[in-house]
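Novice: let me see the structure of the following:
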Amino acid sequence: MPLAAQVALEMRALDASLDLLDHAVAASFGIGRTDLRAMELVSREGPAACSQLAAQLRVTSGSVTALIDRMERAGYFLRLRDPDDRRKVLVQLTPAGRERERRTFEPLAKNSIGMLRSYSDRDLTVIGDFLRRARALVEHATTEVGATPRKSRRALHAHRDRRKAI
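Specialist: Here you go, the predicted structure:
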């Protein structure tokens, strides 16, 4: 198998491992996976407006409001007024949420840094470039998939029924 194909398979395996990790972490936090994604976004980028969070998660404003309500009840999010526009509400991670996240991910972060230290600066430059370019490809694919119109359930059933009649 060509080396590029081997690396592509390793990327798929890494993606599956990260997916399983997200699932396990969300379950251990008592939240859903979209909730965990929201937590990660707010943790990484700082306080976020509800509309910003909805856009990044690709959910409706109603869905993000319900998500924030759940995360507030779970003790992970806190709503606050935007100091620049009091009509806006921002969401930030609570100290308890930040601590829970730190305790959960700190061992993986330390191990990752240890692993990365085994590479030369030149290797790390290549790895960083690879990750940026791979992320760009994934983001493009996500946009493409999102732009593809989905067939309605009714249309899918009608197609299946026509095939049965033939």
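Novice: C-alpha from now on. contacts and neighbour counts both.
Specialist: Fine.
Novice: please name the nearest non-neighbouring residue to the residue most central in space within the chain.
Specialist: In the chain, the residue lying closest to the centroid (Cα atoms, centre = their mean) is R37, at 4.2 Å. Residue nearest to R37 in three dimensions, not counting chain neighbours: L57, with 7.6 Å by Cα to Cα, 6 or more residues apart in numbering.
Novice: can you pull the pLDDT of that neighbour?
Specialist: For L57, the pLDDT comes out at 93.
Novice: what about it, distance to A5?
Specialist: As judged by Cα to Cα, to the nearest Å, L57 and A5 stand 31 Å apart.
Novice: higher neighbour count, the two?
Specialist: For the pair L57 and A5, the greater number of neighbours falls to L57 (16 against 10), based on other Cα atoms under 10 Å.
Novice: for the more buried one, give me its contacts.
Specialist: Counting by Cα atoms under 8 Å, 6 or more residues apart in numbering, L57 touches T34, R37, A38.
Novice: my guess is the last one contacts A54, does it?
Specialist: When you say that, I think you mean A38. No. Under the criterion of Cα atoms under 8 Å, A38 is not in contact with A54, lying 9.0 Å apart.
Novice: what is the helix or strand hosting R132 packed up against?
Specialist: Using DSSP states H and E, R132 sits within helix 121-147. Helix 121-147 makes packing contacts with no helix or strand when contacts are defined by 3 or more Cα pairs under 8 Å, 6 or more residues apart in numbering; DSSP states H and E.
Novice: report the distance from that helix to the chain centre.
Specialist: How far helix 121-147 lies from its chain's middle: 15 Å, per Cα atoms, centre = their mean, to the nearest Å.
Novice: could you list the low-pLDDT ranges of the protein?
Specialist: 148-166 (pLDDT under 70).
Novice: can you do 90?
Specialist: By pLDDT under 90, the weakly predicted segments of the chain are 1, 81-89, 142-166.
Novice: please parse it into its domains.
Specialist: The chain breaks down into these domains under automatic domain parsing: 3-118, 120-166.
Novice: by contact count, what packs against the strand ranked longest in the chain?
Specialist: The single longest strand within the chain, with elements called by DSSP state E, is strand 85-93. Where contact means 3+ Cα pairs under 8 Å, 6+ apart, strand 85-93 is packed against helix 33-45, strand 48-49, helix 50-57, strand 77-82.
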